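[1] Only the shape, not the letters, is given here:
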């Protein structure tokens, strides 16, 4: 068990590309830390630097209290689970899991007992003598984890281990991974591009973008108090809605209408400068069908009318899509978020807004509906820097 | 794809034609090897009198006198030694080429290709002089060196292609599991590259076994003369008769080890050895 500390860690490739820029991160002993971000943000590179599979260009990496920059992977006492499992195809499951122990020169009976323990924990006992080629995806993934567990390392490093599984299996394995980490108490660094995994699995989540650490915090912190546009738009599904806004004293002028800012909302706009372009963010969960909202809740927010383009029913809730008049909110961060979601070239003028409304709401597509928005939950961001204005 | 009987018949005829074209010369030689010296020129495909005389005469005189046994041993030893050395060297070279990027890599590959395409006959004169000067003329090593020179490029290219197919992830997993690069190579990569290793081994062995050019030029006695060259020195019953029967018998005998070798290793070339290692 050990802490992992990155201080000013950077990775520059020979062609000049900086994959990780000056990263500071402290992971406590036994913590489940998630590195999340869009493709190409440097999270896998950071993980591989911790593992020792990539050289660290600048900065210091500590595992436990040793500086491990120059140490080979096998000396760092870490175990890694790869995205593609990387099982040895010519060895049986038992031999795959025994391989690291054999290399370390452990006595045979110790190897057998450790392998059988791990197989029991992961429910692989029946498959010990089969070859990886004959196993299903979920079983192979468990073998990869078994190979990591038998070493009883100081830390687990997992590189998108669930991304190759189908959706239902992914949900199931997610709980298994969480349970395993809880039972074993080993420090774990987990890389994923799926923000749902990040939110459900991690003790703390580190959001990365283009090699830079955007924000580190618990899932709740990242959801409720994002530091910048990118984190706000990345965390939460469906994503936060963004629209241009103008702050005038007590009032925020949004495409939805003029909103009187409550104390809480004013605190979020604390560092707004007069005349600066501002982007307002509202999560889909902050909306509701005005007809359903009860009286006391209604006072917390404001109603407005909108023409609903589409209503999606999930069974447990519905999502209403509508458009706002006026220019689109634009910034570099929003463009990158759109690119990551594959939505950069979508047609249409004005912003499309998603609102989550209750399943019992009767709002129909194509109609003019009255919606309510919780104005306490407005977020404000500086349009140029993308930073949140909460001061 | 439902083949009608007419199409099936045409395919069968086509295949029979090709098989006949390929195998009739071989059958002819086999038939020749069983004919007595008197009936060699009787222009019959099948031997009128079936006899093992040709085979027996190859082995009369034991290892010291027989024109065939010593060359056969030479062929076997030289081919096996050359193949072993070539495979080991090519495996190391191919691994480096497939995995590392180093200055001169493209040059090495181009150089290997150039050597393989070089006309072997043009090296005979110089080699003859050099080997006699150095003193390795008519020795095993005198043949092994040119064999390695011309077989290595082939082996390297084959193995590079196979090593490239093996996912890089496996070595990284082995590194994290605690293997040194050599352990990773020995325990993970080589078993997975086995199909490539056996393919390269077959190709190198056949090249060495069948070679006539170097064998006839760089040897002068049975000390290291291999079978293809030895066949040229067979004598018939008298000064005027061609030893056709003996040559045919020797040719048949010389083909058998190759067939066994290929059949043995062909079974080892199992595709899909890496199935299940990585996803996708």
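    Here it is on my side, so go on. All figures in this text were calculated on a predicted structure; none of them were measured in a lab.
[2] Residue B:123 reaches residue B:130, doesn't it?
    No - with contact defined as Cβ atoms under 8 Å, residue B:123 does not count as touching residue B:130 (9.7 Å). Placement of C-beta: from N, CA and C, glycine included.
[3] And the pLDDT at the residue nearest in space to the middle of chain B?
    Computing the C-alpha centroid of chain B and ranking residues by Cα atoms, centre = their mean puts residue B:206 first, at 0.8 Å. As predicted, residue B:206 sits at a pLDDT of 89.
[4] ok, now residue A:342?
    Reported pLDDT for residue A:342: 59.
[5] what about the longest helix in the chain?
    Here I'm looking at chain A. helix A:167-184 (DSSP state H).
[6] my bad, chain B
    If you go by DSSP H, chain B has its longest helix at helix B:69-99.
[7] Can you name the next helix or strand after it?
    Downstream of helix B:69-99, the next assigned helix or strand under DSSP states H and E is helix B:105-117.
[8] what about that following helix, near chain A?
    No - Helix B:105-117 is not in contact with chain A by Cβ under 8 Å from any Cβ of the partner chain; minimum separation 15.1 Å.
[9] Tell me the buried residues in that helix?
    B:112, B:116 (16 or more other Cβ atoms under 10 Å in any protein chain shown).
[10] Identify the residues contacting it?
    For helix B:105-117, contacts defined as Cβ atoms under 8 Å, 6 or more residues apart in numbering or on different chains pick out B:93, B:97, B:149-150, B:152-154, B:156-157, B:160.
[11] mind checking how far it is from the chain centre?
    21 Å (Cα atoms, centre = their mean, to the nearest Å).
[12] quick check: mean pLDDT across that helix?
    On average, helix B:105-117 scores 89.
[13] Please find the angle between the direction vectors of it and helix B:69-99.
    Helix B:105-117 runs at 160 degrees relative to helix B:69-99, counting by axes from the mean of the first three to the mean of the last three Cα atoms, to 10 degrees.
[14] Now find how far off-centre the longest helix of chain B is within its chain.
    From the chain centre to the centre of helix B:69-99 is a distance of 10 Å (Cα atoms, centre = their mean).
[15] Over to the residue nearest to the centre of chain B. Which of the three states is it?
    Of the three states, residue B:206 takes helix according to DSSP: H, G, I helix; E, B strand; the rest coil.
[16] can you tell me which residues contact it?
    Counting by Cβ under 8 Å, 6+ apart, residue B:206 touches B:258, B:262.
[17] For chain A, which residue gets nearest to chain B?
    In chain A, the residue that lies nearest chain B is residue A:133 (3.0 Å; Cβ to the nearest Cβ).
[18] distance of that residue from residue A:140?
    Relative to residue A:140, residue A:133 is positioned 9 Å away (Cβ to Cβ, to the nearest Å).
[19] how close does the residue nearest to the centre of chain B get to residue B:199?
    Separation of residue B:206 from residue B:199 (Cβ to Cβ): 11 Å.
[20] Find the least confident helix or strand in chain A, judged by mean pLDDT.
    Of the helices and strands making up chain A, the lowest-confidence element is helix A:332-341, at a mean of 69, by mean pLDDT, DSSP states H and E.
[21] Could you pull out the buried residues of the following helix or strand past that one?
    Next helix or strand after helix A:332-341 toward the C-terminus (DSSP H and E): strand A:352-358. Using 16+ other Cβ under 10 Å as the test for burial, strand A:352-358 gives A:353-357.
[22] Number of residues surrounding residue 193?
    Picked chain A for this. 19 (other Cβ atoms under 10 Å in any protein chain shown).
[23] please go with chain B instead
    Residues contacting residue B:193 under the criterion other Cβ under 10 Å number 24.
[24] ok so, going back, would you turn the buried residues of strand A:352-358 into a markdown table with distance to residue B:181?
    Shown next, in a markdown table, are the buried residues of strand A:352-358 (distance: Cβ to Cβ, whole Å):
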| residue | distance to residue B:181 |
| --- | --- |
| A:353 | 55 |
| A:354 | 52 |
| A:355 | 57 |
| A:356 | 54 |
| A:357 | 59 |
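[25] Just flag the most distant two among those.
    Distance extremes for the buried residues of strand A:352-358: the farthest pair is A:353 and A:357 at 12.1 Å, using Cβ to Cβ.
[26] Chain B: helices as residue ranges?
    Assignment of helices within chain B using DSSP H yields the ranges B:5-33, B:53-59, B:62-65, B:69-99, B:105-117, B:124-134, B:140-165, B:168-177, B:181-184, B:190-192, B:194-210, B:213-217, B:227-231, B:244-266.
[27] can you tell me the average pLDDT over the second one?
    Across helix B:53-59, the average pLDDT comes to 80.
[28] Which residues in that helix does the neighbour count mark as buried?
    Going by 16+ other Cβ under 10 Å, helix B:53-59 has these buried residues: B:53-55, B:57-59.
[29] which stretches of the stretch 151-280 of chain B aren't confidently modelled?
    For the stretch 151-280 of chain B, residues meeting the criterion pLDDT under 70 lie at B:235-240, B:266-280.
[30] ok, of the contacts of helix B:105-117, which one's closest to residue A:185?
    residue B:97 (44.8 Å).
[31] Need the pLDDT of that closest one.
    So residue B:97 comes in at 91 (pLDDT).
[32] which pair in the buried residues of helix B:53-59 spans the largest distance?
    B:53 and B:59 (11.5 Å).
[33] Measure how far the longest helix of chain A is from the centre of its chain, please.
    16 Å.
[34] residues from the stretch 1-150 of chain B in reach of chain A?
    Within the stretch 1-150 of chain B, no position is near chain A by Cβ under 8 Å from any Cβ.
[35] what's the burial count for residue A:312?
    The burial count for residue A:312: 13, using other Cβ under 10 Å.
[36] looking at this, it is in a strand?
    Yes - residue state for residue A:312 (three-state DSSP) corresponds to a strand.
[37] Go ahead and confirm it touches residue A:318.
    Yes - using Cβ under 8 Å, residue A:312 makes contact with residue A:318 at a distance of 6.5 Å.
[38] quick check: domain ranges of the chain?
    If you meant another chain, say so; for now it's chain A. Segmentation of chain A into domains, based on automatic domain parsing, reads A:4-230, A:239-382.
[39] Wait, chain B was what I had in mind.
    B:5-58, B:63-266.
[40] Tell me which of those sits most buried.
    Each of those was scored by mean neighbour count; the highest is domain B:63-266, a mean of 18, by mean count of other Cβ atoms under 10 Å in any protein chain shown.
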